[in-house]
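> fold the stuff below for me.
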Amino acid sequence: MKKFMNTAETMVAESVEGFVRAHEALVVFGPERRCIRRRHPTAGKVALISGGGAGHEPMHIGFVGHGMLDAACVGHIFTSPTPSQIIAAIEEADTGAGCLLVVKNYDGDLMNFEMAIEMAGDRHNIDMVVVSDDIETSRSGEGNGRRGVAGTLIVEKLLGAAAERGMSLAELKQLGEGLNTRIRSMGVALNGVTVPQTERTTFSLGPGEMEMGVGIHGEPGHARQPFAASDAIIGHLCETIAGDIAVAPGARALLFVNGLGGTPPAELYLAYNGARRFIEQRGIPIERSLVGTYVTSLDMQGLSVTLALLTDEEIALWDAPVATAALHWP
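Below you'll find the model as predicted:
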């Protein structure tokens, strides 16, 4: 295994320190480096907080800044942040209007974020939105329902913009839960993930195979299929997504093609081209687009497609200014 690291044990801490130093105009460490928060908090607005294991960068720390998150916590690779980290983020970010925790639907994340709410709920007004956009886990019948994957970025962007406009904690929770029903994602991979601590690949594929329905923790999908041309792969993802989401008349779509860590931009744009053609052929107009590597699974060679059906107001929230390390527009 070849990786740019000193030791597997220090990799996350050194990487996060490098992130903060590279973007010191936007973010700072919280106490004892248990969280990362905005350098310039906005007093009186609801604080948005998220987090998860390392290995998904730039999510979530790359989304801390004006127009998105107020703070984020990073656990060990593919491991939820601890309740004490989450409480530190709450203490740092709450300026009096309460906190909304944006949590991906994974057992470890849910358990630790809920525990933090119990421990800090007597001092802060806290609520939680659980993101669950991965259709593959619902199709496979797993008991915990849909996982939260790349659609989390869209939820955090829209909630962040709404919080900047002064939306209350209850209103933000309602907006987040409404979005959850209209955002769907699915991923595909051409290889597994090399985890630094174990130096092993999470799953292996033959030269003519691909894995459909992968998650973002190196877990395999639910169907190993023969490798195919890009249009066939993307067509399968889009067909599955389109069949799982109710399209209301007048719906406006945001199409997001996300790299999982080891896929070059040229391939992501090629995939976006095919996805857009497929979605538009089904009568769904694409109003906004995002292509890039934002929600990763270490070095996985793969991608995911996310379709979000938004209202006019939600499109306006997407267009609202954002200034973070990973997303930035005026």
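> switch to C-alpha atoms for all contacts and neighbour counts from now on
Will do.
> so what's residue 265 closest to, chain neighbours aside?
Using CA to CA, 6 or more residues apart in numbering and skipping residues adjacent in sequence, the residue nearest residue 265 is residue 292, 6.7 Å away.
> ok, that neighbour - contacts?
The contact partners of residue 292, taken as CA atoms under 8 Å, 6 or more residues apart in numbering, are 257-259, 265, 268.
> make TSV from the residues you listed and add secondary structure, pLDDT and distance to residue 101 to it.
Output for these, formatted as TSV (DSSP: H, G, I helix; E, B strand; the rest coil; pLDDT from 0 to 100; distance: CA to CA, whole Å):
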residue	secondary structure	pLDDT	distance to residue 101
257	strand	98	25
258	strand	98	23
259	strand	98	25
265	helix	98	31
268	helix	98	30
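> switch the residues you listed over to a markdown table; also include distance to residue 242.
Compiled in a markdown table, these are given as follows (distance: CA to CA, whole Å):
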| residue | distance to residue 242 |
| --- | --- |
| 257 | 15 |
| 258 | 17 |
| 259 | 20 |
| 265 | 24 |
| 268 | 20 |
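> give the other helices and strands that whatever helix or strand residue 308 lives in contacts.
Here residue 308, judged by DSSP states H and E, is contained in strand 302-310. Here strand 302-310 touches strand 183-189, helix 230-242, strand 252-259, going by 3 or more CA pairs under 8 Å, 6 or more residues apart in numbering; DSSP states H and E.
> deepest of those, which one?
strand 183-189 (a mean of 28; mean count of other CA atoms under 10 Å).
> what bridges to residue 224?
residue 211 (DSSP bridges).
> now stretch 110-125: buried residues?
Neighbour-count burial for stretch 110-125 flags 110, 112-117, 120, 124-125 (criterion: 16 or more other CA atoms under 10 Å).
> among these, which one lies nearest to residue 51?
residue 113 (9.1 Å; CA to CA).
> tally of neighbours for the spatially closest residue to the closest one that is not a sequence neighbour?
Leaving out its chain neighbours, the residue that sits closest to residue 113 by CA to CA, 6+ apart is residue 83, at 6.3 Å. Neighbour count for residue 83, taken as other CA atoms under 10 Å: 21.
> for residue 83, give me its contacts.
112-113, 115-116.
> so which of those belong to helices?
Judged by DSSP state H, the subset of the contacts of residue 83 located in helices is 112-113, 115-116.
> could you dump those into TSV and include pLDDT?
Output for these, formatted as TSV (pLDDT from 0 to 100):
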residue	pLDDT
112	98
113	98
115	98
116	98
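> and which of these is nearest residue 22?
residue 113 (27.9 Å).
> surely residue 26 and residue 65 touch.
Yes: with contact defined as CA atoms under 8 Å, residue 26 and residue 65 form a contacting pair (6.1 Å).
> who's more crowded, these two?
residue 65 (26 against 19).
> if we can go back for a sec, does the residue nearest to residue 265 have beta-bridge partners, and which?
residue 258.
> how confident was the prediction at it?
We have a pLDDT of 98 for residue 292.
> ok, it to residue 268 distance?
Using CA to CA, to the nearest Å, residue 292 is found at 7 Å from residue 268.
> quick check: neighbours shared by the two?
Common neighbours of residue 292 and residue 268 (CA under 8 Å, 6+ apart) are 257-259.
> which is the succeeding secondary structure element to the lowest-mean-pLDDT helix or strand in the chain?
Of all helical and strand segments in the chain, the minimum by mean pLDDT, DSSP states H and E falls on helix 135-139, at a mean of 72. Next helix or strand after helix 135-139 toward the C-terminus (DSSP H and E): helix 151-164.
> where do the contact lists of residue 26 and residue 65 overlap?
With CA under 8 Å, 6+ apart as the test, residue 26 and residue 65 both reach 38-39, 324-325.
> compare the residues you listed and tell me which has the most neighbours.
Highest count within the shared contacts of residue 26 and residue 65 by other CA under 10 Å belongs to residue 38, 26 neighbours.
> give me every residue that touches that residue.
Counted by CA under 8 Å, 6+ apart, residue 38 has contacts 26-28, 64-66, 69-71.
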